[in-house]
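> here you go, sequence then predicted model.
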Amino acid sequence: MKSLIFNGSGCTVYNSKGRIAYRVDNYNHKEGDLVYLMNHRGEILFEIIKKKLRVFGRWEGYCCSGSKRDEMLPWFRVRRPFRSAFKDGSSSCELWNSSRRHLMMRYKIEEMTQEASYKITEISGEIVAEVKRKQTESGVVLGDDVLTLVVEPNMDHSFIIGLVVVHGLMYNKI
């Protein structure tokens, strides 16, 4: 969860071979209200913007081509947890289709019992990704900002990384 840019705030995602897969940075924007999810070449995939609502925050992910936003409507939205929305206090996420007019799928980001661990599930309960603190082969748990992510096959990895980034923003980890 460390930025590669001086005075930036973000994180770097490495693949299983130790190469950079994604980068996240805010380029010194105020309080994480705007962050960029980039591929390993630094091309912006998503702009993630915090929308300030009266009581609850909401984050929206906009697809980008190069450095320009593709559309005015978000590809995904994540709402901050609210106790009555889900009894377990999980966050809700909506994924919209390519025309951004029809809701395709709903997901939940659910906290697990271990610190810094959570899972992303379809609304039906099927797990699509799991985030845990990284552990060495000898069982040593690394710092709370070193995580491991397991994503189910056929899931869009950049979308899942976007949800992980939003979760980090919600809890001031990025």
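Looks like it arrived, so ask away.

> quick one: secondary structure of residue 41?
For residue 41, the secondary structure call by DSSP: H, G, I helix; E, B strand; the rest coil comes out as coil.

> neighbours of it, just the number please.
7 (other CB atoms under 10 Å). From N, CA and C alone the C-beta is placed, and that goes for glycine too.

> contacting residues around it?
The contact partners of residue 41, taken as CB atoms under 8 Å, 6 or more residues apart in numbering, number zero.

> same check on residue 132?
112, 114, 116, 117, 147, 148.

> quick one, phi/psi of it?
phi -140, psi 160 (degrees, to the nearest 10).

> again, but for residue 167
phi -60, psi -40.

> burial count for it?
Should you count by other CB under 10 Å, residue 167 turns out to have 20 residues around it.

> ok, it - contacts?
Going by CB under 8 Å, 6+ apart, residue 167 touches 78, 91, 109, 118, 131, 173.

> for residue 93, same thing?
Residues 76, 77, 78, 79, 106, 107, 108, 109, 120, 163, 166 are the ones in contact with residue 93 under the rule CB under 8 Å, 6+ apart.

> and it, its phi and psi?
Torsion angles, degrees, to the nearest 10, at residue 93: phi -140, psi 140.

> what does residue 168 give?
phi -60, psi -40.

> now do it against residue 36, distance only.
14 Å (CB to CB, to the nearest Å).

> ditto for residue 52
Taking CB to CB, one finds residue 52 at 19 Å from residue 36.

> higher neighbour count, the two?
residue 36 (22 against 8).

> could you find the closest non-adjacent residue to that one?
residue 44 (5.0 Å; CB to CB, 6 or more residues apart in numbering).

> please name the bridge partners of that neighbour.
residue 38 (DSSP bridges).

> what's the local residue count around it?
Residue 44: 19 neighbours (other CB under 10 Å).

> I'd say it and residue 61 touch.
No: assessed by CB atoms under 8 Å, residue 44 is found out of contact with residue 61, at 11.5 Å.

> shared neighbours, the two?
With CB under 8 Å, 6+ apart, residue 44 and residue 61 have common neighbours residue 37.

> now do the SS call for residue 162.
helix.

> is the residue of the chain positioned farthest from its centre in a helix, a strand, or coil?
When distances are taken from the C-alpha mean of the chain, residue 138 lies farthest, 28.7 Å away, according to CA atoms, centre = their mean. State at residue 138, reduced to three classes by three-state DSSP: coil.
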